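# need coordinates for the following:
(2 chains)
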Amino acid sequence: MRAFTYERAASPVQAAAAAAANPGAKFIAGGTNLLDLMKLEIETPSHLIDVNGLGLDTIETIPEGGLRIGALVRNTDLAADERVRRDYGVLSRAILAGASGQLRNRATTAGNLLQRTRCPYFYDTAQPCNKRQPGSGCSAIGGFSRQLGIVGTSEACIATNPSDMAVGLRVLDATIETVKPDATTRRIPIAEFHRLPGDTPHIETVLEPGEFITAVTLPSPVGGKHVYRKVRDRASYAFALVSVATVLQQDGTGRVAVGGIAHKPWRVEAAEAELPRGAKAAAERLLAGAKPTHDNAFKMPLVERALGSVLDETRS
Amino acid sequence: MKFDKPETTNPIDQLKVVGQAVDRVDGPLKVTGTATYAYEWHDPDSRLAYGYPVGSTIAKGRIVSMDLSRARAAPGVVTVVTAEEAGELGKGSRNVATLLGGPDIEHYHQAIAIVVAESFEQARAAASLIQVTYQAADGKFDLAAEREGLGPTGSDDKVGEFETAFANAAVRLDETYTTPDQSHAMMEPHASLASWDGDKLTIWTSNQMIAWSVEDIAKTLKIPPADVRVVSPYIGGGFGSKLFVRSDMILAALGARATGRPVKIALPRPFLMNNTTHRPATIQRIRIGAERGGKITAIAHEGWSGNLPDGEPENAVDQTKLLYAGAHRLTGTRLATLDLPEGNAMRAPGEAPGLMALEIAMDEMAERLGLDPIDFRVINDTQVDPGNPNRPFSHRQLVECLRIGAERFGWSARNARPATVREGRWLKGIGVAAGFRNNLTMKSGARVRLDGRGVVTVETDMTDIGTGSYTIIAQTAAEMMGLPIERVEVRLGDSTFPAAAGSGGQWGANSATAGVYAACVKLRETVAQRLGFNSKDCVFADGEVRSGDRRAPLTQAASNGEVVVEDTIEFGDLRKTHQQSTFAAHFVEVGVDAATAETRVRRMLSVCSAGRILNPKTARSQVIGAMTMGVGGALMEELAVDTRRGFFVNHDLAGYEVPVHADIPHQEVIFLDEVDVMSSPMKAKGVGELGLCGVGAAVANAVYNATGIRVRNYPITLDKLITQLPGAA
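Residues are numbered from 1 along each chain as shown, chains lettered A, B, ... in the order given. Purely as a prediction, here's the structure:
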């Protein structure tokens, strides 16, 4: 771990301004990902801005419908919230499918959205990685890639986003609220929040320098049956090989987002149009253009079969 | 004491303390965090410094230059030691890879330097500032690619005419199985604190074999063994990874020598996979020929594995010499040279991967013969060494294990036709496998003291790697001296104590308690003499010594000072005249998700035949732990080799998955009530490795029963099933 300086932020806009003024700065909230990465010198911030004292830890009902989730609401509290469990069950289930009780107690809503990939080559600083060290190459391509991406990948990076929560937020069409260093705010639909790797895999979101997440909002409840199906080698405490988040209506229509296969939670409108025709048709659209590796080709049938299983269970 | 005749009756047979489910005597220390583990030692009177290792980032080649200047100038850094600074070092007789590499590099993450600083954080930060220029060389990293054309290591073991008998067999099986490289993945990493007092070195560490370590540290540092003290009273898991001296001990010693201060170091987690040892991957070809009725006429087992030059093969074929009958036999290993990290012992080396293959083959063969897999094994049971029929097993109850297990597990309800039982979204299946592990015995010494308070203190360099050594040794001394267990104190893991068997190869429990037995026999004789008794007919009970009508308190023998005696058990030829082994039957029920092919274990049973069980509670803990490891090996554990770059990629506990609680819902263990009079005065054998041997195959056979898909390449992950599942495109 490199030495760093530290400050406690006084307000969201001050945090944003401080971060913009210092290119080596990082926000720290729960620290469940950042601290590990700092110990391994995968992240080497020269300055930490501690945002834990900013409040932002409540879940408010929006009068026009929906919820506003403060950026610092802990994963445990979000998953346990009565309104979330009642109206947005897929989000609660997605969160509870990830990490462990101890980690969820610390991890925050905004921090979860910003967690880095678990690609093993990203984690070994002796190996080339375009995400860790832009321009150094990708050692995962042609290497051990069982966990890695099959859609939206590039010649520069085949890493996946490891978050379960983000898959739940994606299927619910959440919006990310931010404040910029100049105190202006913006609302970013989650569909646009995470980027595909392209030739800049080190830039993972559309956040601008210093831009600070203040909340995540959920639109009015859409009803339907909410399922989060996470597929993994062991029964707990493992990242998804594939996960499927669905909201399915009685008439057979619905939404689906898939985790574990891309650089962002994967959702394809054309695939949802096919849902009434079943998993095979929907999966074909979801995975159009996929470029699996030898190691992770199994994710192609796995997406279809996991989705099929969820559809069968929901409709029976 | 020499053990060379079958044991008759001795005081252990009273079973007042031995054989009882006594709680761990060290339990309170463990659960209150007051047992001192290697990295927790402190010497408040000395200025401790912290070490951090630097590992090679190439797999093979040489170091052209190292720039240490930035590290040396970093805050808090006391020194940096490389092979160049360390001067000429030797190599431990049990080491294959060099523990401090440079300029030649033998494997990825081979240690090439230790940075010593005032704090752990400073040492770690400075370690990353060392710039190394390498000249990489091509290495060999792919066992499958190196397999062709490899001849036998040594010579194959042959009985009869295998080829002819196999060719003429009515029913044949010829299949190839693979097991991957595996990591010990124990919780406590290798860690050491080294301190020099003049020429004398003390290392507080985490190690299973104290006397071996003393020898190999001395050899590596080129100092007399008498100048080395090793202390390792508590060990947070080892599984064979801590049998030998590893880089933590040598780096700490060199750092301490260079700075004149005590230095402590713990290996970072990725070093466990690539710096230390692992269980090597195997490719195994098994051929079985049988008569239509099921009698095996020919059996062959060949195993391929790889290792660094001068490394040993993973002997996956040994159990096949002994487990089943058959007149014509062939076994042998073939060893490829690979430039991966050193392959070496991991819990049940040989038998663990060997039975993962053999016991699938037996399941397949039973199916070809139309026999129940239990019946097929019973038909081929043998009470003698099949290669030497004049040599009986000392005690073998494999058939009883299978029969009792079948009854308890509900085997008769199994549908022999695979993929026929469905429960909701789960395909259900059950499987069985035999377990087998040889019973090894090792010379083992102990010192026992009786003091004026009537407390018996046992001192031996035996170790407790979480297995329960403290407890069974206390039970042994209590039984022998007629004392409650509270009156026995046990001190372990210090090279100033008599050399014992150590912990490995499931030899520790039986051998080390036999050593304590021998010392206690001597203590009884000495006590009897001091009290004026004829030692032959003395009874030691309730803190007293009794003979005829006469009785005296035990403490009286120590009234003029402590009574201290020492003895060592040595094992004679009984292991040559009699084959000593342990046996088990493992039963597993799995559910396989019909859509995703995720396999989840639902219940497990192991029935063990392993001589006298010294403590059913600690023995059960050993076996359920081993069963859990078996599930890991069957379903998830695999060190992924990057065959281009020559290293294990998933080098942390997130990437190298072992079972978590949610994977292990229900386990049962049954120990057959038996003694083995050929094994030792304790009449016990080992269970710690037996509990693992065969479990993986029982899982694999259950997956087959559930799905009809035969996976011969471990681990059985969903990608190997999903395209063949019923209803898959």
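
# chain B contacts on chain A?
A:1-3, A:39, A:41, A:118, A:120-121, A:123-127, A:139, A:142-144, A:146, A:231-239, A:241, A:280, A:298, A:301-302, A:304-306, A:308-309, A:312-313 (Cβ under 8 Å from any Cβ of the partner chain). Just so you know, the C-beta spots here come from the backbone N, C-alpha and C atoms, and that holds for glycine as well.

# list buried residues within those residues.
Buried by 16 or more other Cβ atoms under 10 Å in any protein chain shown: A:1, A:118, A:120-121, A:123-124, A:126-127, A:139, A:143-144, A:146, A:231-235, A:237-239, A:241, A:298, A:301-302, A:304-306, A:308-309, A:313, out of the residues of chain A next to chain B.

# gap between the residue of the stretch 51-200 of chain A found nearest chain B and residue B:34?
For the stretch 51-200 of chain A and chain B, the shortest gap (Cβ to the nearest Cβ) falls at residue A:126, measuring 3.5 Å. Distance, residue A:126 to residue B:34, using Cβ to Cβ, to the nearest Å: 39 Å.

# kindly report the same for residue B:54.
From residue B:54 across to residue B:34, the span is 34 Å (Cβ to Cβ).

# okay, those two: which has more neighbours?
Taking other Cβ atoms under 10 Å in any protein chain shown, residue B:54 and residue B:34 do not tie; residue B:54 has more neighbours (25 against 9).

# in strands, which of the residues of chain A next to chain B fall?
residue A:231 (DSSP state E).

# out of the residues of chain A next to chain B, which sit inside helices?
Secondary structure from DSSP state H places A:39, A:280, A:301-302, A:304-306, A:308-309, A:312-313 of the residues of chain A next to chain B in helices.

# redo these as JSON lines? Include distance to residue B:664 and pLDDT.
Shown next, in JSON lines, are these (distance: Cβ to Cβ, whole Å; pLDDT from 0 to 100):
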{"residue": "A:39", "distance to residue B:664": "30", "pLDDT": "96"}
{"residue": "A:280", "distance to residue B:664": "35", "pLDDT": "97"}
{"residue": "A:301", "distance to residue B:664": "28", "pLDDT": "97"}
{"residue": "A:302", "distance to residue B:664": "24", "pLDDT": "98"}
{"residue": "A:304", "distance to residue B:664": "30", "pLDDT": "98"}
{"residue": "A:305", "distance to residue B:664": "26", "pLDDT": "97"}
{"residue": "A:306", "distance to residue B:664": "24", "pLDDT": "98"}
{"residue": "A:308", "distance to residue B:664": "29", "pLDDT": "97"}
{"residue": "A:309", "distance to residue B:664": "24", "pLDDT": "96"}
{"residue": "A:312", "distance to residue B:664": "28", "pLDDT": "94"}
{"residue": "A:313", "distance to residue B:664": "26", "pLDDT": "91"}
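
# among those, which one sits closest to chain B?
For those, the closest approach to chain B (Cβ to the nearest Cβ) belongs to residue A:309, at 3.4 Å.

# residue A:268 versus the closest residue to the closest one other than its chain neighbours, what's the distance?
Nearest residue to residue A:309 in three dimensions, chain neighbours excluded: residue B:595, at 3.4 Å (Cβ to Cβ, 6 or more residues apart in numbering or on different chains). Distance of residue B:595 to residue A:268, given as Cβ to Cβ: 21 Å.

# what about these two, which has more around it?
Using other Cβ under 10 Å, the more surrounded residue of residue B:595 and residue A:268 is residue B:595, with 25 against 18.

# list the contacts for the residue nearest to residue A:309?
Residue B:595 is in contact with A:305-306, A:308-309, A:312, B:425, B:725, counting by Cβ atoms under 8 Å, 6 or more residues apart in numbering or on different chains.

# tabulate those residues (TSV), appending distance to residue B:712.
Output for the contacts of residue B:595, formatted as TSV (distance: Cβ to Cβ, whole Å):
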residue	distance to residue B:712
A:305	23
A:306	26
A:308	28
A:309	27
A:312	31
B:425	26
B:725	17
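
# now do the closest residue to residue B:706 other than its chain neighbours, the pLDDT please.
Setting aside the residues directly before and after it, residue B:706 is nearest to residue B:429 in space (Cβ to Cβ, 6+ apart), at 2.8 Å. Listed pLDDT for residue B:429 reads 98.

# just checking, residue B:429 is part of a strand?
Yes - counting by DSSP: H, G, I helix; E, B strand; the rest coil, residue B:429 is part of a strand.

# who does it bridge with?
Beta-bridge partners of residue B:429, counted by DSSP bridges, are residue B:590.

# do the same with the one 5 residues further on
Per DSSP bridges, residues listed as beta-bridge partners of residue B:434: residue B:585.

# relative to residue B:374, how far out is it?
9 Å.

# ditto for residue A:214
Distance, residue A:214 to residue B:374, by Cβ to Cβ: 65 Å.

# do the same with residue B:563
Note on residue B:563: its distance to residue B:374, by Cβ to Cβ, is 54 Å.

# ranges for the helices of the stretch 601-729 of chain B?
Along the stretch 601-729 of chain B, counting by DSSP state H, counting those that start in this stretch, helices occupy B:616-635, B:695-707.

# now these in TSV, with mean pLDDT?
Formatted as TSV, the helices of the stretch 601-729 of chain B follow (pLDDT from 0 to 100):
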stretch	mean pLDDT
helix B:616-635	98
helix B:695-707	98
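
# so which of those gets nearest residue B:608?
Among these, the nearest to residue B:608 by Cβ to Cβ is helix B:616-635 (6.4 Å).

# only alpha carbons, please: show the closest one as PDB.
Only the C-alpha atoms of helix B:616-635 are listed here, as PDB (Å, rounded to 0.1, in the frame of the first residue of the first chain):
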ATOM      1  CA  PRO B 616     -14.400 -40.000  19.000                       C
ATOM      2  CA  LYS B 617     -15.000 -36.300  19.200                       C
ATOM      3  CA  THR B 618     -11.700 -35.100  17.700                       C
ATOM      4  CA  ALA B 619     -11.600 -38.000  15.300                       C
ATOM      5  CA  ARG B 620     -15.100 -37.100  14.100                       C
ATOM      6  CA  SER B 621     -14.000 -33.500  13.600                       C
ATOM      7  CA  GLN B 622     -11.000 -34.800  11.500                       C
ATOM      8  CA  VAL B 623     -13.200 -36.900   9.400                       C
ATOM      9  CA  ILE B 624     -16.000 -34.300   8.700                       C
ATOM     10  CA  GLY B 625     -13.200 -31.800   7.800                       C
ATOM     11  CA  ALA B 626     -11.800 -34.400   5.400                       C
ATOM     12  CA  MET B 627     -15.200 -35.100   3.900                       C
ATOM     13  CA  THR B 628     -15.600 -31.400   3.400                       C
ATOM     14  CA  MET B 629     -12.200 -31.300   1.600                       C
ATOM     15  CA  GLY B 630     -13.400 -34.200  -0.500                       C
ATOM     16  CA  VAL B 631     -16.400 -32.200  -1.600                       C
ATOM     17  CA  GLY B 632     -14.100 -29.300  -2.500                       C
ATOM     18  CA  GLY B 633     -11.900 -31.600  -4.600                       C
ATOM     19  CA  ALA B 634     -14.900 -33.100  -6.300                       C
ATOM     20  CA  LEU B 635     -16.800 -30.000  -7.100                       C
END
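
# residues in contact with residue 99?
I went with chain A, as the question did not name one. So residue A:99 contacts A:32, A:75, A:107, A:237 (Cβ under 8 Å, 6+ apart).

# actually chain B
Going by Cβ under 8 Å, 6+ apart, residue B:99 touches B:89, B:91-92, B:111, B:220, B:245-247, B:250-251.

# turn the contacts of residue A:99 into TSV, including pLDDT.
Shown next, in TSV, are those (pLDDT from 0 to 100):
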residue	pLDDT
A:32	97
A:75	98
A:107	98
A:237	96
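
# right, I'll leave it there.
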